[in-house]
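Peer 1: Provided below for reference: sequence and predicted model.
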Amino acid sequence: MADITIHQSHQLTAKKARAAAEKVADEMANEFDMAIDWQGDVLSFKRSGVSGTLTLLDRAAQLDITLGFMLKVFAPKIQEKVSENMAKVFGVTPVV
């Protein structure tokens, strides 16, 4: 079960939503040294202490993050930061 789930609605076409998700994935990979892998419309990411998926849905994106024991204490702050980033990338107010 995910420690953080963010459902972000958007008005992007499927192609633009994929481009936005790829931007998020590239930033995560570079900034946090995460391994990323696309399987259809689901992006999986992983590194020590953090794993999850970003799923592209029709007019929405859902981010599920599982935190390791040491990071669970930071879950509220991580959720706030990631929600803000998702809103910027997908262009609307986040739904947490």
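Peer 2: Yep, it's here.
Peer 1: if I read this right, D41 contacts L56, doesn't it?
Peer 2: Yes. Counting by Cβ atoms under 8 Å, D41 touches L56, with 4.1 Å between them. To be clear about C-beta, it is placed using only N, CA and C from the backbone, and glycine gets the same treatment.
Peer 1: looking at those two, which one has more neighbours?
Peer 2: Neighbours per residue, other Cβ atoms under 10 Å: of D41 and L56, the larger number sits with L56, 20 against 15.
Peer 1: residue ranges with poor pLDDT in this protein?
Peer 2: 92-96 (pLDDT under 70).
Peer 1: what about the strands in it?
Peer 2: Taking DSSP state E as the criterion, the chain carries its strands at 4-9, 35-39, 42-47, 50-57, 60-67.
Peer 1: want to throw those into a markdown table with distance to K77?
Peer 2: Below are the strands of the chain laid out as a markdown table (distance: least, Cβ to Cβ, whole Å):
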| stretch | distance to K77 |
| --- | --- |
| strand 4-9 | 11 |
| strand 35-39 | 22 |
| strand 42-47 | 18 |
| strand 50-57 | 14 |
| strand 60-67 | 11 |
